[in-house]
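Trainee: Everything below, folded, please.
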Amino acid sequence: MKEITMAPDRSSRSLPQCFILFTTSLLALTVLLPTTSALACSCAVANDAAAGLEGADVVFEGKVIHSNRSDAMAARPPVLPEHATNAAGLEQPNVLRRGMISQTVDYRFAVERSWKGATEPILQLRTPASSAACGRRFESGSTYLVYANRDGDGVLFDTLCSRSRESVAAVPDIKFLNSATATKPPAPAPTGDRESPEGTNAEPVVQPPDQAPGARETAR
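Mentor: Residues are numbered from 1 along each chain as shown. Take a look at the predicted model:
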């Protein structure tokens, strides 16, 4: 009589194994989530155009004419603390600090209007390449209202922490900037008709004939 051997029921073991695998994956994901959140960009953005103007070193409207991805910032020494407070009292991370990022993008703008600090027709602006490092992306050919700052070396930079945006979405800000930074009309130019010293333009005093010099002597 031939003995029949029953094959082990693999299906009965696959369910516990899948459960263990799922639990392990879920645990690993839970552990990694805080790390992922910590790497995200986090900063305070100015609530309105007034705060944005006060906290920025340079405010201008310009068209993006060129962009270039670079590793230049990786070799630069730190020039600012990891976090700094701008003029408006908002704490902003110094994302251009050495060790925090490895790549940056340089954008070149043709300046169309300036409200603060932009004195050249072409400006170059730097931002981190990664949005996780608060890097901002500018589209070539588009026009933006830019609120930018300078680091300790004078490099102009911008991040997601500013109020920078496309001009079509910045109409209220531009309206405020035009009114807040409008120059006063110059004082009227002098006409050249200055008042003469006292007595210079006074009419000559005509003495009566009887009081004219020598009149009394003649009468005698």
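Trainee: Partner strands of the helix or strand containing V64 and their direction?
Mentor: Using DSSP states H and E, V64 sits in strand 58-70. Each strand paired with strand 58-70, and its direction, by DSSP bridges: strand 104-116 (antiparallel), strand 143-150 (antiparallel).
Trainee: For it, give the mean pLDDT please.
Mentor: Across strand 58-70, pLDDT averages out at 95.
Trainee: contacting residues around it?
Mentor: 52-53, 103-118, 122-123, 129, 138-150, 156, 167, 174, 177 (CB atoms under 8 Å, 6 or more residues apart in numbering). The way it works is simple: take the backbone N, C-alpha and C, and place the C-beta from them, glycine included.
Trainee: are any of these buried, and which?
Mentor: The neighbour-count test (16 or more other CB atoms under 10 Å) marks 52-53, 104-109, 111, 114-116, 118, 123, 129, 138, 143-149, 156, 167, 177 as buried among the contacts of strand 58-70.
Trainee: show me where pLDDT drops low in the protein?
Mentor: Scanning the chain for pLDDT under 70 picks out the ranges 1-39, 71-102, 182-220.
Trainee: Can you list the residue ranges for strands in it?
Mentor: Ranges of strands in the chain, per DSSP state E, are 58-70, 83-85, 91-93, 104-116, 122-128, 143-150, 156-157, 165-166.
Trainee: List the buried residues for the fifth one?
Mentor: Residues of strand 122-128 classed as buried: 123, 125-128 (neighbour count, 16+ other CB under 10 Å).
Trainee: Just the closest of the residues you listed to V45, please.
Mentor: Comparing these against V45 with CB to CB places T127 closest, at 14.9 Å.
Trainee: so the closest one bridges to which residues?
Mentor: With DSSP bridges as the rule, T127 is bridged to V105.
Trainee: need the helices for this protein, in chain order.
Mentor: 10-38, 49-55, 171-180, 215-219 (DSSP state H).
Trainee: possible to save the strands paired with strand 58-70 as JSON lines with distance to S162?
Mentor: JSON lines is the format used below for the strands paired with strand 58-70 (distance: least, CB to CB, whole Å):
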{"stretch": "strand 104-116", "distance to S162": "13"}
{"stretch": "strand 143-150", "distance to S162": "4"}
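Trainee: Which among these is found nearest to A44?
Mentor: strand 143-150 (13.3 Å).
Trainee: got the angle between that closest one and helix 171-180?
Mentor: Using axes from the mean of the first three to the mean of the last three CA atoms, to 10 degrees, one finds that strand 143-150 and helix 171-180 are set 60 degrees apart in direction.
Trainee: can you list contacts of strand 143-150?
Mentor: 46, 52-53, 55-64, 86, 109, 112, 125, 138, 156-158, 162-167, 170, 173-174.
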